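1. Here is my input, please return the structure:
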Amino acid sequence: MKTGSIFNPRSVLDLTYKITAMDAFQNFLFTGDEKGNIYRYNLTPEQVNILAPNTIQQQQFTKVKIDQIKIFPHANANLLVLSDQTLYFIEAATLRGEVISKEKIAIFALNEFSKSNQLELIMITKKKEGYIMQYNLKTGRFEQMREKFTISDIPITVAFIGNLFFFGIQKKNYSVINLDDKQLQVANLLMDIGSNPYLKATDNNEILIISTNNVGIFIGKDGQMKQKSTILIQNKTISLITTFKQYLIVIFDNLLQVFNLIDSKHMSDIQLSQAARCITQTSNHLFYGSAAEIIYLYQTPAEQQISEFLKNGRVEDALQVYAQNNQTTDPSKNQQLEQLKLDCGWSLIRQMQFSNSLNYILQTNFEPRDFICLFPDYYPTVEKLQSVNPNPSLQNITIIINKFVQESRGDPQQIQELKYQTKEFFIEILEKKRAVLTSPQYAYSMKDKLNLLTTTLNFNQNQWHPISCEQLLELIDFALIKLYLESQQYFPKLKSFLTSNQIYCIQMYTQLQGLFLNNRGIEQQQGILAKFYESFNKIDQSLEIWKKVGRESVHLQEQQEACEETTRILKQNPEKNRIFKFIVWVFKKQFKIGVQIFQISDQIISPDQMLKFLEEQELDIELKKKLKEKYLEILVLEKQTEEERFHTQLAYSYIDSLFQIYPKEMDFSKIDLRKNQVVNDQYQALKRFLKNPNAKYNSSSILEKKVKDSWMINEVILLYGREKKHEEALNLLLSLGFYEWAEKYCCDYTDNLLTKLFKKYKELHFYLEGKQKEKPMDQQAQDALNQIKITINNFLKKFATHSQLNVLEVLDLIPDNWILSDQSEEDGLFQFLKSVISHTLHQKRSTKAAYQSSQVDLLYVQYQVASAKQANVRMTSEKKCSVCSKTIGEKVFVIYPNSVLAHHTCIKSNTICPQTGRDFEKYFKF
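-> Below you'll find the model as predicted:
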């Protein structure tokens, strides 16, 4: 059998005559010869020979050859026979018949694929005239339907479907006649007729037209080209064209070509031992006749076709055959299709087409051990594979590649390229399978036994014992790590693999460790070795590697990576002694990275232990201070420890750092923090911390031991306020001349401080006034006195109605000799009295109005209470319940204050009116 053949020829009858025409229907086959004889054979499909030669019937009609036989199925399967330019209508049972027309007939066509016109035929005579004939079922004769039509020449090919008659005239054109047209006008089709004109109806709305260079074009009954691919037929003289099921069969002299009618794809070529003279088919059988025999074209079973296609790497053809023979929606078809796709992948592997193979394999739930066994260097032991076959790697990839190159007569240098391709393919297969097995989407349990798909096309044809997902991942991880180690181009993948994944081949540590330590490439990339140790839970070894890299590398990027990885590992594997051992070098190299270790739980390293550790290290003094301060920040601000001592220590640390740059005794007026960004950031951190309402520092300690009598005036005032030492705060501010600050300080608290401030203003005024009298020529004393006068004047105007100012007490404090003026700049006292009197009168009126309003509300409530108490109901026999609308009768009832009556059994609450919804309990309570 020819590889991939859909049909296979088999001789079923040797002939003693030269066959010229044939046709078949149901269980009968009819043939004609060169001497005008008609033969009838019985078909026996269940027997090997199919034709039964002992049942042959023969009848001679003319003395010249039979040109055409066509079974007319709608007339008891009788025959239309064209011989010697005469068309006969012959009875199939007796092979006797009569002439249909006395005209000399050149060619005829039955109406195909149409139910409405199924008893029609068209005859073309030698006179270039066309007759439309219809079979009369009652008389059993053909009758002319309407007037004849004329064409320009005798056609070489015709087709009749529905109401359209197509014909092609040699070296001219293709034309069509619409039989519904009363004039029966001929319309030419806009396509080249070519040198091999042929028309073939393929269904009831489609006709195939062979154009130039044997290009087959499909058009519809509307004359428009179908949205369908053209068929590219061999550019030879076409003998015959027929259709059989979904196939188009084209016969040349000694060649038979098969095409798929669905997508126009060429399926196969069949070389014929003898030229085919005629062809026919029943619903399930296809025959052609040669000079000496009748050949049965046996259709190869779909499974056999698919198998042959796969053996030769024709996977698309295999899938197409499957699709054509599996049109149902049976769920089992999905499993069959998945199996076929896997087989397609393996078929392409045999052709060394790895990229295409991958596309098919990844669509299936494939068994990775089928691939792993091809690479015996990449699995730990045969026992791990759990194979039924004691030697699962009988055929390895090297043997397979060498054999392929030898059989295909390829260049031996191609072997190395193919080995590289197979390794790339193997890596991707394993990576994709691992991604599926570990994906949350598939939710595989690590202990589950997996049912994976295998194929008979693999080279070793192994059978596998079921293994768990975890065991399979162990094999995959071991293979991937070994593959990645073989070339530095895979080192980035290896590093990513060790970083991102849980490793399942932990038991193979010793075997893999030797490979890492003996790999020269790894010597240059110690980070990968560190990742390996970490992945296999050798944490201290990994940290030692990173420590070495961080200390010895001259590349800043490598140093930073070592610091980051060390810190990350210590955070993920927190253990006190390990942290103390490996974090110090990170502090020295990358301070900002190292301090991330301070975020570990206090249960692992307590604050006292960490602070003691930092203090004991042989570190630069400045670095030690920074580390301690950063740890306290994280402890206080992020972990939010409740212990006061750590809050206070943090404040001490901030202050000491600032005093180190600007000594405590410096004049605050000579300090500009904005000039030094680092100092300014430090100072802002102190301010935020001291103002933080959640901070639990000892303000008295900070004040007395650190900032008192220093240049940190803001902080001193803040701490005085926190300690409620308002007297000291105001004295300091006034001594420095910060009057507005003092006033704002008083407004920020609720201790009637504005009154106290006024007292201090008055005392300061008397002091400065006395000083000025002692030294009348002292300009500085005069300026100070004027400033305090202005301040008191503005104070009285600004805070006259402030809630923190006791007006009566202030009035008592105002000296009698202060000038009351409303015209000069010293109008503060006047404005104060004016505002106070106005504000007092307004408060008095408001209070009186509120009193009067409350009195009105009280009278209204008293009125409502009195009205409710006077409510009464007159009971009669006609009184009805407001809920059920029935008379009250002698049942227990309830009367509400608004005179509503209801049965006691009908209400939901004694206090809520069932009619208005008012709750009288709440109403009277209000």
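2. what about the longest helix in this structure?
-> Longest among the helix segments of the chain by residue count, using DSSP state H, is helix 828-869.
3. Can you spell out which helices and strands pack onto it?
-> Applying 3 or more C-beta pairs under 8 Å, 6 or more residues apart in numbering; DSSP states H and E, one finds that helix 828-869 contacts helix 779-798, helix 807-813. Heads up, the C-betas are built off the backbone N, CA and C, glycines and all.
4. Show me which positions of the shortest one end up buried.
-> Just to be clear, that refers to helix 807-813. 807, 810 (16 or more other C-beta atoms under 10 Å).
5. and of the helices and strands packed on helix 828-869, who's closest to residue 416?
-> When the helices and strands packed on helix 828-869 are compared for distance to residue 416 using C-beta to C-beta, the nearest one is helix 779-798, at 94.3 Å.
6. Kindly spell out which helices and strands sit in contact with that closest one.
-> Using 3+ C-beta pairs under 8 Å, 6+ apart: helix 779-798 touches helix 739-747, helix 753-774, helix 828-869.
7. What residues does the nearest residue to residue 757 once chain neighbours are set aside make contact with?
-> Spatially, and ignoring its direct neighbours in sequence, residue 757 is nearest to residue 746 (5.1 Å; C-beta to C-beta, 6 or more residues apart in numbering). Residues in contact with residue 746 (C-beta atoms under 8 Å, 6 or more residues apart in numbering) are 726, 730, 753, 754, 756, 757, 804.
8. The last one against residue 755, yeah?
-> Yes. Applying C-beta atoms under 8 Å as the test, residue 804 and residue 755 come out as touching, 7.4 Å apart.
9. and stretch 846-861, what's its mean pLDDT?
-> Across stretch 846-861, pLDDT averages out at 88.
10. Kindly report the same for stretch 152-172.
-> Mean predicted confidence for stretch 152-172 is 90.
11. Please apply the same query to stretch 818-834.
-> pLDDT averaged over stretch 818-834 gives 68.
12. how far away is the spatially most distant residue from the centre of the chain from residue 767?
-> Residue farthest from the centre of the chain, counting by C-alpha atoms, centre = their mean, is residue 774 at 90.5 Å. Using C-beta to C-beta, to the nearest Å, residue 774 is found at 11 Å from residue 767.
13. helix/strand/coil for the residue nearest the centre of the chain?
-> Nearest to the mean C-alpha position of the chain, by C-alpha atoms, centre = their mean, lies residue 441 at 11.6 Å. Assigned with DSSP: H, G, I helix; E, B strand; the rest coil, residue 441 falls in the coil class.
14. on that earlier part again, mind pulling up the pLDDT for the residue farthest from the centre of the chain?
-> Looking at residue 774, its pLDDT stands at 86.
15. same thing with the one 5 residues further on?
-> Residue 779 is assigned 87 on the pLDDT scale.
16. Identify the residues contacting the residue nearest to the centre of the chain.
-> Residue 441 neighbours (C-beta under 8 Å, 6+ apart): none.
17. rewinding a little: quick check: the two most widely separated of the contacts of residue 746?
-> Every pair of the contacts of residue 746 checked by C-beta to C-beta; the farthest is 730 and 804, at 13.1 Å.
18. With neighbour numbers in mind, choose between these two.
-> residue 730 (24 against 17; other C-beta atoms under 10 Å).
19. Can I take it that the more buried one is in a helix?
-> Yes. Remark: residue 730 belongs to a helix, assigned using three-state DSSP.
20. so who does it touch?
-> Taking C-beta under 8 Å, 6+ apart, one finds 742, 745, 746, 753, 756, 757, 760 in contact with residue 730.
21. surely the fourth one meets residue 745?
-> Yes. Look at residue 753 against residue 745 with C-beta under 8 Å: they come within range, at 7.3 Å.
22. what sits in contact with each of the two?
-> Common neighbours of residue 753 and residue 745 (criterion: C-beta under 8 Å, 6+ apart): 726, 730.
23. picking that back up, turn the helices and strands packed on helix 779-798 into TSV, columns for distance to residue 93.
-> Shown next, in TSV, are those (distance: least, C-beta to C-beta, whole Å):
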stretch	distance to residue 93
helix 739-747	126
helix 753-774	132
helix 828-869	116
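24. Many thanks, I have nothing further to ask.
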